[in-house]
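K.L.:
coords please:
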Amino acid sequence: MMKNIIKPVRNKKDYADALEKLSALMDAEEGTLDADERDVLSILIEKYEQEHFPIPKPSPVEAIKFRMEQAGLTQNELIPYIGSRSKVSEVLSGKKDLTLKMIRALHNHLGIPAEVLIRDPSGTLPSDFEDIDFDRFPIIEMEKNGAFRGFDTSNINEKAEEAIRYLIKKTGGPEAIPEGLFRKTRSARANAKLDPYALQGWSLHLLAEAKTVKNIKKYKKENINNAFLKGLASLSILDKGPDFVEEYLANGGIIFKLIKHLKNTYLDGASFITMEGVPVIGLTRRYNRIDNFWFTLFHEIAHVLKHLENGHFIADDMTLRGSASDNSIEKEADNFAEKTLLGTTFDLDEKEFPSQNDVIEYAKELNIHPAIIAGHIQYKKNNYRLFSNLTVGGDVKKCFEDKK
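P.N.:
Numbering: from 1, shown residues only. Modelled structure (predicted):
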């Protein structure tokens, strides 16, 4: 018969029996059956203890303090990784949580395990968009514009990466980001001074808002016909016509949002086709002009109908209209907007001295706001004093003041 019968350690009694046996075998001579039994019992006991008496991992603060003691580091020597003397003090006292930026620096430079710092057993730090400098996004301005609703915005300037990743998640994740948005490319009508991070931030805000729209009709290009577009243009004659654009376009399967302008985007509007094939149009409040609102809107509709495929986008600075840098796509979108709003026989801009009464009567005939005609004549004649009382009198901003 075998002398050594080793039983699995399944419960407290098995555990107590195993400990007792192990104690009796501690002095067993190597190479004997008793020594083998001792080693196997040690493994079984250790496995049981790991399952039933796990040693808790240290907190992030405990891990940092342990590494400081181990390497002989002072609080000042943590400043490059945490940010400032006051921040180091707040983190070590538990008054401030670690940000992703801090975690990445402490892990990379001090070797503190990521799973401890982020309290995640996988120990995986987010790596998407690792070439992006999150601190360059205009986080404070975006927060004032309501971009991060639902996110803890306390100390938002210190949580740029978390805030932008929150927006990306709201848009549907990295795979939902339009092609080119995070590349060093520019749209056809972009200002040379454009800050790509401001444009990216604005675009993510727009796409996150668009994702909240539910039960929108399926977009079919053939439904955006002349009758549909004329009906849209006729909304311009209403005092708060822009307020009705979102609902009207939703009936055609197009999502529309007004997102406040960000500095250094030089942006009037943009159009997107999501990966799911849903068109999204966003306008800014860059200029408080009725004619600018309606012309830009129809310009972006032209891009949706003619120039965009799934996952693509175009952003527009309309002050560059007619510049030497314009290409055929932008000219085609301008022509579409002009023809749709003013018709193919419009010739008032060819008169040497058109009167205000001419503008008003023509607007009545076309069933559109006079400012649209006045703005078109201003552009064609390069004279923005002409009919200025018609173009500056309307307040587009007020149309959206009750929203969000």
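
K.L.:
drop to CA atoms for contacts and neighbour counts, all remaining ones
P.N.:
Will do.

K.L.:
Can you pull out the low-pLDDT segments for the stretch 51-200 of the chain?
P.N.:
Scanning the stretch 51-200 of the chain for pLDDT under 70 picks out the ranges 55, 120-125, 127-130, 183-188.

K.L.:
Tell me where it has helices.
P.N.:
All helices of the stretch 51-200 of the chain, identified by DSSP state H, counting those that start in this stretch, fall at 60-71, 79-82, 85-92, 100-110, 114-117, 139-144, 160-171, 196-211.

K.L.:
Identify, out of the ones you listed, the most deeply packed stretch.
P.N.:
Most buried of the helices of the stretch 51-200 of the chain, by mean neighbour count (mean count of other C-alpha atoms under 10 Å): helix 196-211, with a mean of 22.

K.L.:
now could you export just the CA positions of the helix or strand just after that one as PDB?
P.N.:
The element immediately downstream of helix 196-211 (helix or strand, assigned by DSSP states H and E) is helix 226-234. C-alpha atoms of helix 226-234 as PDB (Å, rounded to 0.1, in the frame of the first residue of the first chain):
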ATOM      1  CA  ASN A 226     -36.800  69.900 -55.600                       C
ATOM      2  CA  ALA A 227     -40.100  69.900 -53.700                       C
ATOM      3  CA  PHE A 228     -38.400  68.900 -50.500                       C
ATOM      4  CA  LEU A 229     -35.700  71.500 -50.900                       C
ATOM      5  CA  LYS A 230     -38.200  74.300 -51.800                       C
ATOM      6  CA  GLY A 231     -40.200  73.500 -48.700                       C
ATOM      7  CA  LEU A 232     -37.000  73.800 -46.700                       C
ATOM      8  CA  ALA A 233     -36.200  77.100 -48.200                       C
ATOM      9  CA  SER A 234     -39.600  78.500 -47.500                       C
END
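
K.L.:
List the buried residues of the helix or strand following helix 226-234.
P.N.:
Next along the chain after helix 226-234, taking DSSP H and E as the criterion, comes helix 245-250. Buried residues in helix 245-250, counting neighbours by 16 or more other C-alpha atoms under 10 Å, are found at V245, Y248, L249, A250.

K.L.:
pLDDT weak spots in the stretch 201-350 of the chain?
P.N.:
Within the stretch 201-350 of the chain, not a single segment meets pLDDT under 70.

K.L.:
I'd like to check the angle between whichever helix or strand H376 is part of and helix 226-234, please.
P.N.:
According to DSSP H and E, H376 maps onto helix 370-381. Orientation of helix 370-381 against helix 226-234 (axes from the mean of the first three to the mean of the last three C-alpha atoms, to 10 degrees) gives an angle of 100 degrees.

K.L.:
helix or strand right after helix 370-381?
P.N.:
Defined by DSSP H and E, the subsequent element after helix 370-381 is helix 388-391.

K.L.:
now for that next one, which elements pack on it?
P.N.:
helix 370-381 (3 or more C-alpha pairs under 8 Å, 6 or more residues apart in numbering; DSSP states H and E).

K.L.:
Touching the helix it packs on from outside, list them.
P.N.:
290-292, 294-295, 342, 348-349, 359-360, 362-364, 384-388, 390-391 (C-alpha atoms under 8 Å, 6 or more residues apart in numbering).

K.L.:
just to revisit the earlier point, give me the mean pLDDT for the helix holding H376.
P.N.:
The pLDDT scores in helix 370-381 average 94.

K.L.:
what's the neighbour count on G173?
P.N.:
By other C-alpha atoms under 10 Å, 12 other residues sit near G173.

K.L.:
give the contact list for it.
P.N.:
Here G173 is in contact with no residues (criterion: C-alpha under 8 Å, 6+ apart).

K.L.:
can you pull the contacts of the spatially closest residue to F137 that is not a sequence neighbour?
P.N.:
Leaving out its chain neighbours, the residue that sits closest to F137 by C-alpha to C-alpha, 6 or more residues apart in numbering is Y197, at 5.1 Å. For Y197, the contacting residues are R136, F137, P138, taking C-alpha under 8 Å, 6+ apart as the criterion.

K.L.:
what number of residues lie near the second one?
P.N.:
When counting by other C-alpha under 10 Å, one arrives at 23 neighbours for F137.

K.L.:
I'd guessed it sits against E161; true?
P.N.:
No. The pair F137 / E161 is not scored as a contact, 9.1 Å apart, by C-alpha atoms under 8 Å.

K.L.:
Could you check how far the nearest residue to I329 once chain neighbours are set aside is from I301?
P.N.:
Distances taken as C-alpha to C-alpha, 6+ apart put H307 closest to I329, at 7.2 Å, once the chain neighbours are dropped. According to C-alpha to C-alpha, to the nearest Å, H307 and I301 sit 10 Å apart.
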